[in-house]
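Novice: let's see this in three dimensions:
(chains A and B)
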2 protein chains.
Amino acid sequence: MADTKGFSSIETPGYVGFANLPNQVHRKSVKKGFEFTLMVVGESGLGKSTLVNSLFLTDLYPERIIPDAIEKQKQTVKLEASTVEIEERGVKLRLTVVDTPGFGDAIDNSNSFSAILEYIDEQYERFLRDESGLNRRNIVDNRIHCCFYFISPFGHGLKPLDVEFMKKLHSKVNIVPVIAKADCLTKKEILRLKCRIMQEIEGHGIKIYPLPDCDSDEDEDYKEQVKQLKEAVPFAVCGANTLLEVKGKKVRGRLYPWGVVEVENPDHCDFIKLRTMLITHMQDLQEVTQEVHYENYRSDRLAKGIKVKENGIKQERDNNVNAQAQANNALSEKDRILQEKEAELARMTEMLAQMQARMQAQH
Amino acid sequence: MADTKGFSSIETPGYVGFANLPNQVHRKSVKKGFEFTLMVVGESGLGKSTLVNSLFLTDLYPERIIPDAIEKQKQTVKLEASTVEIEERGVKLRLTVVDTPGFGDAIDNSNSFSAILEYIDEQYERFLRDESGLNRRNIVDNRIHCCFYFISPFGHGLKPLDVEFMKKLHSKVNIVPVIAKADCLTKKEILRLKCRIMQEIEGHGIKIYPLPDCDSDEDEDYKEQVKQLKEAVPFAVCGANTLLEVKGKKVRGRLYPWGVVEVENPDHCDFIKLRTMLITHMQDLQEVTQEVHYENYRSDRLAKGIKVKENGIKQERDNNVNAQAQANNALSEKDRILQEKEAELARMTEMLAQMQARMQAQH
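Specialist: Numbers count the residues shown, from 1 in each chain, chains lettered A, B, ... in the order given. Take a look at the predicted model:
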């Protein structure tokens, strides 16, 4: 197992970590509080709710009823947003979790994507409308800042549904792939599955959320942490909200006849790493959403009617893919220049469209 | 945990148990050997091959290549039969395992059933042709005697695909439901899932293979064993072919950072129970296939053109459903009499059809 320096939550249980947020942005935002919207996608039973509850030490779904096979058959993919306000050391976080019950549960899952795509676009559309309005001070940001995509630990890699989903969504939202319920895999199996999944993600040209590279002046501990986080993708996780006693200590875990899985033990699963990633990159996830995904949406909307060359602006930041992907998938220098030109072109097209819109408004 | 008297294989590892077969049927069959065909159905990655290999201590798929998501997307459900000859204490078993790769892997699984249904019917058709021929001495029996249906441990019960499959197949083949990879569930979760699955099976009127009741003069140990087997349905299993050392003893198991799952430990999973069930009921599984499922097929074939009332002959033996089902689903005495009448009617219709066929042949 790799060294796990920097993931200190084990020593201070119950400390989630978002009290660090103020250091990431300006101090005055503390008073206002933070907003974050997380989407969770994956087949029923992969432990989405349990994981989210474990991550934020809260109970997002107190009155949950699980449908049976017949109800599942009838049900289409719904989207359900639950919001909780959590406070830690004086810092408030308004967390919205958007669940997608029904995804992948039907016999025919061809339409599993459309409801999710529509939902994401609706949030962008609402934000665009608010942003274009007069009073821009109290805009509620319901855009999806991050999407945890749950991969079954049993597939020998990705399923066709997984590939299809990520391909359709990767230019709309920051996808963070996680291997669900990883406590059913041995260490060897986890390594093999991670390796296979990353190969398939690269092979299919899927762009998952790229953990940004460290600045060279960052301290060594942080650099080491980011390196370990990058290596851990896709995070193999396991959630639990039950407190068990192991060697006199209370731990969150699952009790099997052959032992106890400790959720917050980095030797048992990547739960702590996923939480660290989410907390330390909340600000970046919001930025990428604003600067890449939302700008993509906005430019598409404004240039509606004018054919914008594909792979335009969205390529700009997406080039910053994570290290493994970069190594295998690197674009040659020429391609990069070409894409910059295309991005430039797309930006100009957008400006043109805006001008046209303004002119029409004046008529 | 229930008492596990009667599941003695732990003490004599490597002893599968089919050496008991000769006691079940006549002695001379020993020389000829036994034939058995097992079908395994379930999504990729549920451990079908591992389980079958663990059950018979053999390697049925030495050169297996696992397709990736794109190949899975293109691939339809195929059926692949692998045959091994195993010998134990002088008794030969010619075991055929029919695998169904591709089942449930597509985005749209609406056609997952048809290939399997066709395959089963083809075997019946071939047997019918051979049986109607002149030389009936060396008929090879490739009919499916038992179908292990693998249910995902992560569903909160059955999926629509599971219900649909079992409904379409239950009058064609002996279905034995198993909960796959049960080492990812705690004891409490296993109990809850078993309970929910049985409720759904009964609620949907699905008829799984009914373990026959014991004769009253059977010895107490055997009665206890059958009782425990009945209670264990659907068997929660976990396979492994790796030998690990636990407290100085070699065991088949899976090594996790928090402990070792011992496949043949009845406290860890139902593997031994499933094997005991299969071995001690091989003869009965063949009988039910011959007397119920094949006779259904044959009568349908012979009466082709004449409308046979539904629920006819097939009800005869199916009434002998397993204990739990019986309790909840019991037919009233009147219904039973009605069904007997219907069965009688169906039998007469069949005879009529045979006579007509003979008459036509004479013309």
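Novice: got any ranges where the stretch 251-363 of chain A has weak pLDDT?
Specialist: Scanning the stretch 251-363 of chain A for pLDDT under 70 picks out A:305-363.
Novice: typo on my end, the stretch 1-150 of chain A
Specialist: Residues of the stretch 1-150 of chain A meeting the criterion pLDDT under 70: A:1-31, A:63-64, A:70, A:72-75.
Novice: give me the residue from it nearest chain B.
Specialist: Of the stretch 1-150 of chain A, the residue with the smallest distance to chain B, taken as C-beta to the nearest C-beta, is A:G45 at 3.5 Å. Where you see a C-beta, it was placed from the backbone N, CA and C, and this is true even at glycine.
Novice: verify the stated contact: that residue with B:I151.
Specialist: No - applying C-beta atoms under 8 Å as the test, A:G45 and B:I151 come out as separate, 11.0 Å apart.
Novice: pick out whichever of these two has more residues nearby.
Specialist: Regarding A:G45 and B:I151, a neighbour count based on other C-beta atoms under 10 Å in any protein chain shown identifies B:I151 as having more, with 23 against 20.
Novice: ok, the closest residue to the more buried one other than its chain neighbours - contacts?
Specialist: When the adjacent residues along the chain are set aside, B:I151 lies closest to B:I179, with 5.3 Å between them (C-beta to C-beta, 6 or more residues apart in numbering or on different chains). Residues counted as contacts of B:I179 (C-beta atoms under 8 Å, 6 or more residues apart in numbering or on different chains) are B:151, B:153, B:185, B:190, B:193-194, B:197, B:234-237.
Novice: and of those residues, the nearest to A:V41?
Specialist: Distance to A:V41, by C-beta to C-beta, is smallest for B:P153 among the contacts of B:I179, at 20.4 Å.
Novice: residues near the closest one, how many?
Specialist: 23.
Novice: which SSE is A:K223 in?
Specialist: Under DSSP states H and E, the secondary-structure element containing A:K223 is helix A:220-232.
Novice: err, A:K250, not the other one
Specialist: Here A:K250, judged by DSSP H and E, is contained in strand A:249-256.
Novice: that strand vs strand B:249-256, what angle?
Specialist: Our comparison of strand A:249-256 with strand B:249-256, counting by axes from the mean of the first three to the mean of the last three C-alpha atoms, to 10 degrees, yields an angle of 110 degrees.
Novice: what packs against the helix or strand just after strand A:249-256?
Specialist: Later in the chain than strand A:249-256, the nearest helix or strand by DSSP H and E is strand A:259-262. Applying 3 or more C-beta pairs under 8 Å, 6 or more residues apart in numbering or on different chains; DSSP states H and E, one finds that strand A:259-262 makes contact with strand A:243-246, strand A:249-256.
Novice: recalculate using a threshold of 10 Å.
Specialist: strand A:243-246, strand A:249-256, strand B:259-262 (3 or more C-beta pairs under 10 Å, 6 or more residues apart in numbering or on different chains; DSSP states H and E).
Novice: may I have the strands that pair with the first one, each with its orientation?
Specialist: Each strand pairing with strand A:243-246, determined using DSSP bridges, is listed with its direction: strand A:249-256 (antiparallel).
Novice: which residues sit in contact with the closest residue to chain B within the stretch 251-363 of chain A?
Specialist: Evaluated by C-beta to the nearest C-beta, the stretch 251-363 of chain A has A:G259 as its residue closest to chain B, separated by 2.8 Å. Neighbouring residues of A:G259 by C-beta atoms under 10 Å, 6 or more residues apart in numbering or on different chains: A:246, A:253, A:268, B:256-261.
Novice: name only those of the residues you listed that count as buried.
Specialist: A:253, A:268, B:256, B:258-261 (16 or more other C-beta atoms under 10 Å in any protein chain shown).
Novice: sorry, back to before: how about a markdown table for the helices and strands packed on strand A:259-262, with distance to B:N109 added?
Specialist: Putting the helices and strands packed on strand A:259-262 into a markdown table (distance: least, C-beta to C-beta, whole Å) gives the following:
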| stretch | distance to B:N109 |
| --- | --- |
| strand A:243-246 | 38 |
| strand A:249-256 | 30 |
| strand B:259-262 | 30 |
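Novice: of these, which is nearest A:R301?
Specialist: Between A:R301 and the helices and strands packed on strand A:259-262, the shortest separation by C-beta to C-beta is 43.8 Å, and it involves strand A:249-256.
Novice: that closest one: how far from the chain's middle?
Specialist: 27 Å (C-alpha atoms, centre = their mean, to the nearest Å).
Novice: what does it contact?
Specialist: Strand A:249-256 has contacts (C-beta under 10 Å, 6+ apart) with A:10, A:13-14, A:50, A:54, A:57, A:181, A:183, A:238-246, A:259-265, A:268, A:271, B:183-189, B:256, B:258-259, B:261, B:268.
Novice: re the thing from before, pull up the overlap in contacts between A:G45 and B:I151.
Specialist: B:157, B:159, B:193.
Novice: can the helix or strand harbouring the last one be found next to chain A?
Specialist: Secondary-structure element containing B:L193, defined by DSSP H and E: helix B:187-203. Yes - contact check for helix B:187-203 against chain A, using C-beta under 10 Å from any C-beta of the partner chain: residues in range are B:187-189, B:193, B:196-197, B:199-200, B:203.
Novice: for that helix, give the mean pLDDT please.
Specialist: Throughout helix B:187-203, pLDDT has a mean value of 95.
Novice: quick one: check stretch A:270-290 for contact with chain B.
Specialist: No - looking at stretch A:270-290 against chain B by C-beta under 10 Å from any C-beta, there are no contacts, and the closest approach is 12.6 Å.
Novice: cool, stretch A:117-124 as well?
Specialist: No - if you take C-beta under 10 Å from any C-beta as the test, stretch A:117-124 misses chain B, and the best it gets is 15.2 Å.
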